[in-house]
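Asks: how does the following fold in three dimensions:
(2 chains)
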Amino acid sequence: MNALYALLAVAALIGAGLLAGSSTLTGSLLAVSVPYAACAILLAGICARIWRWAATPVPFRIPTTCGQQKSLDWIKPATFDNPSTGMGAAARMALEVLLFRSLFRNTRSKVAEGKVSFGESKYLWLGALGFHWALLMILLRHLRLLVEPVPGFVLALQRVDGFFQVGLPVVYASDVIVLAALAYLLLRRIREPLVRYISFFTDYLALFLLLGIAISGVLMRHAARVDVAAVKQFALGLATFHPATGLALSPLFMVHLLLASALAAYFPFSKLMHMGGVFLSPTRNLANNNRSQRHINPWNYPVKTHTYQEWEDEFREKIIAAGLPIEVEDVRKTTAD
Amino acid sequence: MSEKLLQIEQKSPQGDWRDSSVEFRKGVMCYSALPKNLKYLGLPNPREWQPFDADWKLPPNWKQIILDGMKERLDKYRSFRLFMDICVRCGACADKCHFYIGSGDPKNMPVLRAELMRSIYRRYFTLTGRIFGALAGGRELTEGIIKEWFYYFYQCTECRRCSVYCPYGIDTAEITMIGRELLNLLGCNINWVLEPAANCFRTGNHLGIQPHGFKDSLDFAAEELSEITGLPFEVPINRKGAEILFIMPSADYFGTPHYYTLLGYLMLFKEIGLDYTVSAFASEGGNFGLFSSHELMKRLNAKVYDEARRLGVKWIIGGECGHMWRVLHQYMDTMNGPADFLEVPVSPITGTRFEHAKSTKMLHIAEFTADLIHHGKLKLDPSRNDRWKVTYHDSCNPARGMGLLEEPRYIIEKTCNHFYEMPENTIREQTFCCGSGSGLGTDENLEMRMRGGFPRANAVKYVKEKHGVNLLACMCAIDKATLPTLLEYWVPDVEVAGVHELLGNALVMRGEKRTTDLRGEPLPAEAVIPAGDDGGAEVAHA
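Replies: Here you go, the predicted structure:
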């Protein structure tokens, strides 16, 4: 049901895009106002969310240690999985963000005949890694539409991405990967009972939006080809705050633009903020040097404790009878003081 | 429980998880905390109630208390706020929880355990949740949700296994800790946590042992050691001016098989002539405050540094315990430090300066002992442990909240001839909980304990069948208290022992006359030191 609602929501957006694209006037208005509004929400939203996290204190140093600590000289510590220095923690974070280190550990447990066994399970890692890297590649490639002259590294990326020289225009590897990965992530969410059980409307919404954007983009390149020159003129206009109006933008392009804008505007309110959040995760970004460097809790406050003297006062006779040393032999002396 | 073993099975979840109803039945829940314990600790809403009662006698403004409590904690803990926000529900954590594997209850998947809290967070603290409600993953806060929280936050042992696999490091232990804190604001807590905490606050230890009882226990251990080794033993208590304060979990001097570990420590200290003392006041290293609230943790932990200061020691050694070390390693210095009145730990025997503990000034006994062995300061005869085929269970907290993995293994390898690891997915940072940690090790919760401990027991069974393992070594007081029951149920004929029991068995003391191990079993013939043979290591300072 959640998946269906999300699909309907995205279909409505696609309908709106097609409708807008068929009329030059509304199309132009939408094509200008919507991307600007979406970008404004995206930037302001991301900043607000990250600021909120960053402004919240980290009262305790609680890294999840995933390897040997640094203790005795002759025991080899796990430099990255249990970092003891800031540099080590940075390296751990880099492994996490660039290679999805933790997800790579994934296993699948199986219970059968009173036994639990663990199998390798790397597909989720592969799907997630493929999706994120391909998406980054695609976003960088889009710079060719937004910057003139096109930066050298973008052209270089394009050559790498089209390395296999399949089809005309050349099929980009990143396009194939992003579609395959999204399809896998969606199918997994729908087909695996446990993942389906925990999935919300919003989980499907993000996937359908991304799929819609990717498919409309690929169609524009390989099926219903758009006038790239006009698109670039339009995009450059947006990027330089001199929006061009009255351009003949195809309905498909409007769909692409509207879905991307919807995703951008939704981004700061969604789980997609994990992109920024992962860097702030206290179980990953702190060094496990708890016993060598004191961590300060900014809101540490005094608490009511039970002092030695209170303890001794309650048990004095028993302590003396047991022959244990005592601070105050005769309680009357202290009360007289 | 019935004579037939529990059926462990994985099944596809049915229905909608947002339905909050839970069934409290004996075997899968813990009893409520007695009012006297709440009163002693000054905690809110002490009253007579039980989880299976329809009326939980919550304060009239309970909803406001929870929402205010959440707000306060969202502003105080980045972990809490971030972990509420960034989960993408990828499901990598789903089958990593021992309670999920053992119970098949989908709400024991870490992601859903957290969603129980997140759904409330979204509804009341996020824009989309306030506007779109259920569509944005929000739920209304009802009394049913409080009951559901109680059920599932006391069905999590805060073991952090899920956080190893989470791509964002989301740690369910953090969420459970906050969840329990919030429940505590309403007076919804369990007796197995709060009675030890109240005891600890008053007497210094969880078991409520008073100073004379403490002395009796240690005197008894000293006498027993004199009989086993033929050497005079005395345990210094509350001795001012000692170099080192030794703090252990109270079960070590009151429980079995913990007791044999205590014997091991005492033999070690005597053999190397350590200038130490134990304390009848700081007679507990464990901290059940951790399982209740950050504040209670701090209140119970304060005595460690206070007592070190009063006795004028230079530094502190801590015994074998799991959650105790989570507190000592990750919280103590921040909460109750700085320990600037102590000195950086230096081994009086080997001269090793323990730089990694230079701020906290507290060393794990396994680190201390491994250093001694590495420097050849102990004479060890591993054949004295030949009746044991040993495997090692990493306790959750030292593994995932510290990284103490090699030190105990080094000690075991030097003191035992037969050591076999369990499968790699079940040890080190991937270790499985005993199923009874974080205050859940009570008998009314037995079925859930057996379910939660199933993956651990299963791995033991594997090495038992493959290598004939008959001893599970560990370094945690809760493990020692609860694993024997777990193994008796799933893997009969495997015993449980502390690492320092194995050390005590293998330790050849100078002048000793020994014929038995610490459990009174005869030593293998070739391992018996004949009377008069003055064995023992060259100890530098002796």
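
Asks: use CA for all of it now, contacts and neighbours both
Replies: Fine.

Asks: which stretches in chain B count as strands?
Replies: Ranges of strands in chain B, per DSSP state E, are B:244-247, B:276-277, B:315-318, B:362-364, B:390-393, B:471-474, B:495-498.

Asks: nearest to residue B:355, of those strands?
Replies: strand B:362-364 (10.2 Å; C-alpha to C-alpha).

Asks: and the closest one, how far from the chain's centre?
Replies: Mean-position distance between strand B:362-364 and its chain equals 16 Å (C-alpha atoms, centre = their mean, to the nearest Å).

Asks: name the residue most distant from the centre of chain B?
Replies: residue B:131 (42.7 Å; C-alpha atoms, centre = their mean).

Asks: tell me the domain boundaries of chain B?
Replies: With domains defined by automatic domain parsing, chain B comprises B:44-188, B:203-374, B:382-527.

Asks: and if you look at chain A?
Replies: Using automatic domain parsing, the domain ranges for chain A come out as A:2-280, A:307-337.

Asks: any chance of the strands of chain B in a markdown table, plus distance to chain A, mean neighbour count and mean pLDDT?
Replies: Output for the strands of chain B, formatted as a markdown table (distance: least, C-alpha to the nearest C-alpha, whole Å; neighbours: other C-alpha atoms under 10 Å in any protein chain shown; pLDDT from 0 to 100):
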| stretch | distance to chain A | mean neighbour count | mean pLDDT |
| --- | --- | --- | --- |
| strand B:244-247 | 15 | 25 | 98 |
| strand B:276-277 | 12 | 23 | 98 |
| strand B:315-318 | 12 | 24 | 98 |
| strand B:362-364 | 8 | 26 | 98 |
| strand B:390-393 | 15 | 26 | 98 |
| strand B:471-474 | 17 | 24 | 98 |
| strand B:495-498 | 20 | 25 | 98 |
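
Asks: nearest to residue B:407, of the ones you listed?
Replies: strand B:362-364 (9.6 Å).

Asks: helices of the stretch 1-150 of chain A, start to end?
Replies: A:2-22, A:24-55, A:86-99, A:101-104, A:123-141, A:143-146 (DSSP state H, counting those that start in this stretch).

Asks: equivalent analysis for the stretch 51-200 of chain B, please.
Replies: Assigned by DSSP H, counting those that start in this stretch, the stretch 51-200 of chain B shows helices spanning B:62-76, B:78-85, B:98-103, B:110-125, B:127-132, B:143-153, B:161-165, B:172-185, B:191-203.

Asks: what do you get for the stretch 351-500 of chain B?
Replies: Under DSSP H, counting those that start in this stretch, the stretch 351-500 of chain B gives helices at B:365-374, B:396-400, B:406-415, B:446-452, B:454-467, B:477-490, B:499-506.

Asks: low-scoring stretches of chain A, by residue?
Replies: A:25-26, A:330-337 (pLDDT under 70).

Asks: the same query, at a cut-off of 80, please.
Replies: Within chain A, the segments meeting pLDDT under 80 span A:1, A:21-29, A:245-248, A:329-337.

Asks: which one of the domains of chain B lies nearest to residue A:119?
Replies: Minimum separation from residue A:119 across those (C-alpha to C-alpha) falls at domain B:382-527, 9.3 Å.

Asks: any idea how far that closest one is from the chain center?
Replies: With C-alpha atoms, centre = their mean as the basis, domain B:382-527 stands 14 Å off its chain's centre.

Asks: over to stretch A:193-203?
Replies: In terms of C-alpha atoms, centre = their mean, the centre of stretch A:193-203 is set 18 Å apart from its chain centre.

Asks: okay, how far is it across it, tip to tip?
Replies: End-to-end span of stretch A:193-203 (C-alpha to C-alpha, to the nearest Å): 15 Å.

Asks: would you mark the buried spots in that stretch?
Replies: By 16 or more other C-alpha atoms under 10 Å in any protein chain shown, the buried positions in stretch A:193-203 come out as A:194, A:195, A:196, A:197, A:198, A:199, A:200, A:201, A:202, A:203.

Asks: and the residue nearest to residue A:112 when sequence neighbours are not counted, how many neighbours?
Replies: Excluding the flanking residues, the one nearest residue A:112 by C-alpha to C-alpha, 6 or more residues apart in numbering or on different chains is residue B:9, at 7.0 Å. Neighbourhood size, residue B:9 [other C-alpha atoms under 10 Å in any protein chain shown]: 17.

Asks: for residue B:9, give me the backbone phi and psi.
Replies: phi -150, psi 150 (degrees, to the nearest 10).

Asks: quick check, it in contact with residue B:100.
Replies: No: checked against C-alpha atoms under 8 Å, the pair residue B:9 and residue B:100 is beyond contact range at 10.1 Å.

Asks: re the thing from before, make JSON lines from the helices of the stretch 1-150 of chain A and add distance to residue A:320 and mean neighbour count to it.
Replies: Conversion of the helices of the stretch 1-150 of chain A to JSON lines gives the following (distance: least, C-alpha to C-alpha, whole Å; neighbours: other C-alpha atoms under 10 Å in any protein chain shown):
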{"stretch": "helix A:2-22", "distance to residue A:320": "71", "mean neighbour count": "18"}
{"stretch": "helix A:24-55", "distance to residue A:320": "53", "mean neighbour count": "17"}
{"stretch": "helix A:86-99", "distance to residue A:320": "51", "mean neighbour count": "18"}
{"stretch": "helix A:101-104", "distance to residue A:320": "56", "mean neighbour count": "22"}
{"stretch": "helix A:123-141", "distance to residue A:320": "64", "mean neighbour count": "18"}
{"stretch": "helix A:143-146", "distance to residue A:320": "82", "mean neighbour count": "18"}
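
Asks: out of these, nearest to chain B?
Replies: helix A:101-104 (5.0 Å; C-alpha to the nearest C-alpha).

Asks: residue B:31 is in contact with residue B:444, correct?
Replies: Yes: contact criterion C-alpha under 8 Å: residue B:444 and residue B:31 qualify, at 7.4 Å.

Asks: okay, and the common contacts of those two?
Replies: Here residue B:444 and residue B:31 have no joint contacts, going by C-alpha atoms under 8 Å, 6 or more residues apart in numbering or on different chains.

Asks: which bits of the stretch 101-250 of chain A sit near chain B?
Replies: Within the stretch 101-250 of chain A, the positions near chain B by C-alpha under 8 Å from any C-alpha of the partner chain are A:101-103, A:105-106, A:108-112, A:114-116, A:118, A:193-195, A:197-203.

Asks: how close does the residue nearest to residue A:112 sit to residue B:389?
Replies: Separation of residue B:9 from residue B:389 (C-alpha to C-alpha): 30 Å.

Asks: same thing with residue B:265?
Replies: Taking C-alpha to C-alpha as the measure, residue B:265 and residue B:389 are separated by 22 Å.

Asks: looking at the two, which one has more neighbours?
Replies: Applying other C-alpha under 10 Å to residue B:265 and residue B:389 shows that residue B:265 carries more neighbours, namely 24 against 21.

Asks: who's in contact with the closest residue in space to the more buried one that isn't next to it in sequence?
Replies: For residue B:265, ignoring the flanking residues on the chain, the nearest one in space by C-alpha to C-alpha, 6+ apart is residue B:500 at 6.2 Å. Counting by C-alpha under 8 Å, 6+ apart, residue B:500 touches B:260, B:261, B:262, B:264, B:265.

Asks: neighbours around the third one, how many?
Replies: Going back to what we said before, that points to residue B:262. For residue B:262, the neighbour count with other C-alpha under 10 Å is 26.

Asks: lovely, talk soon.
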